[in-house]
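K.L.:
here is my input, please return the structure:
(chains A, B, C and D)
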Number of protein chains: 2
Amino acid sequence: MKIGELAKQFNCTVETIRYYEKNGLIPASVRDSTNNYRHYQQRHLDQLTFVRHCRALAMSHAEILELLQARQDPSANCRSIDQIIDEHLQHVSVRIAELQLLEDQLQTLRQQCKTPGSRKDCGIIQDLDRPLEKTVRAEHDISHVSGSH
Amino acid sequence: MKIGELAKQFNCTVETIRYYEKNGLIPASVRDSTNNYRHYQQRHLDQLTFVRHCRALAMSHAEILELLQARQDPSANCRSIDQIIDEHLQHVSVRIAELQLLEDQLQTLRQQCKTPGSRKDCGIIQDLDRPLEKTVRAEHDISHVSGSH
DNA sequence: TAAACACCCTGAAGCCACTACAGGGTCAAG
DNA sequence: CTTGACCCTGTAGTGGCTTCAGGGTGTTTA
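P.N.:
A predicted model of the protein is given here:
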């Protein structure tokens, strides 16, 4: 199976697959000796299924590489696998809490301007001109929607 | 006021301030003619307050630059300001919903391995070896914790 | 048989908002 | 006069791709 076909089947781009291969998320492909095209076999499909499932669960490549290790070693203990999932779940939960706090703050801000008028009287700009609350700054510091975990 | 002092007051690094200046988020600093050190005045403090407040609300630099435009033009209409906030709020809400879906999926996954044992029997790995549900893949496609908005 | 077009290759640069580092200059205290 | 804190510029790194430049290959159709 050629790379384009694989990409279509997995609903991603060929660049993504090449990128995964380069970073060891899927095994190296077999190359056609005449044109150097990549060819994929069942084991590639299986591992790509695993990887894409992990990515859909928002795991980082580092986390996925750890899980692949465990996956390849049947004698490994479950503990390390559980730990990765638990920590990841923790990241996600923290991120949700942060974003919910943010949502509240933005809704409050949005309330400052109920009636559209001139910028001079805009409560939103006036609000943003005030410094941050100490509490907010302390706990939350800076994060963004696309923020780090 | 020198850059280090400013950074301390705003609880950020000097590199961040230099970066903001380079990207037009704060006005160019006045330079000391003998040693080329940056010096900051009240207008810098005011604008940096605004910018840091926006960043604490997870706005992108592009969004902040738009708001700064409106801020500098007292004759501007409130509408554009509201719109930026509304759209940003929308991003945040969507992101929260995505992450909550993710959290559910991860909790379900975590349930697959209740008793620590050998990797051979690990329900988590077995689960990850299965392809994604079509519904999930379709609506959600791929995102990550630090995901895009 | 040749042109058109779809597909494949590599390697480098771009995205975002910083962060870190290399390699220097400046300044105040002891 | 040395130490150490601060400042400068410019470049590279982060993650997970995406895009682009500049090619080669393969199939189909005129």
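
K.L.:
from here on, contacts and neighbour counts on C-alpha atoms
P.N.:
Noted.

K.L.:
point me to the helix or strand that includes the spatially closest residue to A:Ile84 that is not a sequence neighbour.
P.N.:
Nearest residue to A:Ile84, sequence neighbours excluded (C-alpha to C-alpha, 6 or more residues apart in numbering or on different chains): A:Glu63, at 6.9 Å. Using DSSP states H and E, A:Glu63 falls within helix A:61-72.

K.L.:
moving C-terminal of that helix, what's the next helix or strand?
P.N.:
Using DSSP H and E, the helix or strand that follows helix A:61-72 in sequence is helix A:78-111.

K.L.:
for that next one, enumerate the helices and strands it packs against.
P.N.:
helix A:61-72, helix A:123-128, helix B:78-111 (3 or more C-alpha pairs under 8 Å, 6 or more residues apart in numbering or on different chains; DSSP states H and E).

K.L.:
quick one, which of these gets closest to DNA strand D.
P.N.:
Go through those one by one with C-alpha to the nearest atom of the strand and the one that ends up closest to DNA strand D is helix A:61-72, at 4.1 Å.

K.L.:
check which helices and strands the closest one sits against.
P.N.:
When contacts are defined as 3+ C-alpha pairs under 8 Å, 6+ apart, helix A:61-72 packs onto helix A:78-111.

K.L.:
roughly how far is the helix it packs on from the heart of the chain?
P.N.:
Between the mean C-alpha location of helix A:78-111 and the chain-wide mean there is a distance of 13 Å, by C-alpha atoms, centre = their mean, to the nearest Å.

K.L.:
let me see the mean pLDDT of that helix.
P.N.:
For helix A:78-111, mean pLDDT rounds to 90.

K.L.:
likewise stretch A:53-62?
P.N.:
Stretch A:53-62 shows a mean pLDDT of 92.
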